[in-house]
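Novice: How does the following fold in three dimensions:
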Amino acid sequence: MSLALLVLFVGFGVLIGILFGFFGMGGSFLVTPALIVMGYPTRVAVGSGLAFVFGTSVIGALRHRSLGQVDYKLAALMTLSVTAGIEAGKTVVLGLESLGLADMIISVAYVGLLGLVGAFVVYESWQTSTEEGNESGESGETADEEGPTGLFTGIRLPPMVSLTGGPSVSLWVILAVGLVVGVLAGFLGVGGGFLLMPAMMYGFGVPAAVAVGTDILQITVSGGVGSFLYAQSGGVDLSIVAPLLAGSALGARLGTAATSLVDEDGIKIYFGLMLVGGAIAVAVRQVGNSYGIDVLSTVSLVIIVGSAVLVSGAVVYNSVRELRQRRVERQQSSV
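Specialist: Got it, this is the predicted structure:
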């Protein structure tokens, strides 16, 4: 591996580490398409992405645990169901690869899922912020009394599981959602974070910070299982994974600390924008492949890296600004 490529992977690891600690996503949703754009085989891109997820998640899980941002019951249930679905997703990838269709279908799936989920999160968060700004204090108090709700909280099929900071959710609903995410994780080569985080926030009504910490703990196991399965078929390249992990060790600590500084709507909006950027990048690359426009592959990589730089930069900037504001408030209160 050349020195330039080594520096690129370490720097990319730092950026993804920040995003991982902040959003609870292992980063393979960016690593996998980036490796594909750089010319690595689909199996290697997917397997190496999952191996990176496992290594980075260990760092982030320990940090979030110290902040009390983990729901252990939910993490255990999601881990069981997600890992059960990963093998099925991996089997689909290997089958498509033998037919020469894996690259195209996975790219289209990335565009669809990342784009839809990202657009929904941005729209919902923006709408919530606008409504909160227009509503009176009385309406805000009413919302607090009603408590957090989610799309699936109305399904009262026992046994029910009480979640940290959220309502009770049916055990069967949690397992079903985890299974679906697991299949998609094995198929797309991701730890499932970009699907699990919105599932917990919007489906189960879990607060964003707790969703991030719980997601990371679950990813620690599912990413490890996924990378092990791909390693058995020669799908993990340690020369890629090692420099990425070296960079992410620092970035993950910075991103995790930022979750306690940035408001919940801010976390959601940054999360959605990150997904939209990934969807655009993969779409550009696929158009380039379809029409033989090689330069679009480079444009796609620039969009992926640019998205990581902009969003991680925004996270760090807003965290530093919040720290300064808190310091000023403490100084004023002590006067």
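Novice: now the helices for the stretch 1-150 of the chain?
Specialist: Applying DSSP state H, counting those that start in this stretch to the stretch 1-150 of the chain gives helices spanning 3-23, 28-37, 42-66, 72-98, 102-134, 137-146.
Novice: possible to save these as TSV with distance to Asp294 and mean pLDDT?
Specialist: In short, each C-beta sits where N, CA and C put it, glycine included. Below are these laid out as TSV (distance: least, CB to CB, whole Å; pLDDT from 0 to 100):
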stretch	distance to Asp294	mean pLDDT
helix 3-23	19	81
helix 28-37	11	71
helix 42-66	18	77
helix 72-98	23	81
helix 102-134	15	73
helix 137-146	52	46
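Novice: Pick the most buried one from these.
Specialist: helix 28-37 (a mean of 29; mean count of other CB atoms under 10 Å).
Novice: related to what we said a few turns ago, okay, the helices of the stretch 1-150 of the chain in CSV with distance to Gln325 next?
Specialist: Shown next, in CSV, are the helices of the stretch 1-150 of the chain (distance: least, CB to CB, whole Å):
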stretch, distance to Gln325
helix 3-23, 19
helix 28-37, 30
helix 42-66, 23
helix 72-98, 32
helix 102-134, 18
helix 137-146, 22
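Novice: right, and these - which one's nearest Val287?
Specialist: Among the helices of the stretch 1-150 of the chain, the nearest to Val287 by CB to CB is helix 102-134 (10.0 Å).
Novice: The helices of the stretch 1-150 of the chain: which one's closest to Gly277?
Specialist: Closest among the helices of the stretch 1-150 of the chain, using CB to CB: helix 102-134, at 7.9 Å.
Novice: same for the closest one, what does it pack against?
Specialist: Judged by 3 or more CB pairs under 8 Å, 6 or more residues apart in numbering; DSSP states H and E, the packing partners of helix 102-134 are helix 28-37, helix 42-66, helix 72-98, helix 171-188, helix 193-198, helix 264-291.
Novice: if you set the cut-off to 10 Å instead, what comes out?
Specialist: Contacting helix 102-134 under the criterion 3 or more CB pairs under 10 Å, 6 or more residues apart in numbering; DSSP states H and E are the following elements: helix 28-37, helix 42-66, helix 72-98, helix 137-146, helix 171-188, helix 193-198, helix 264-291.
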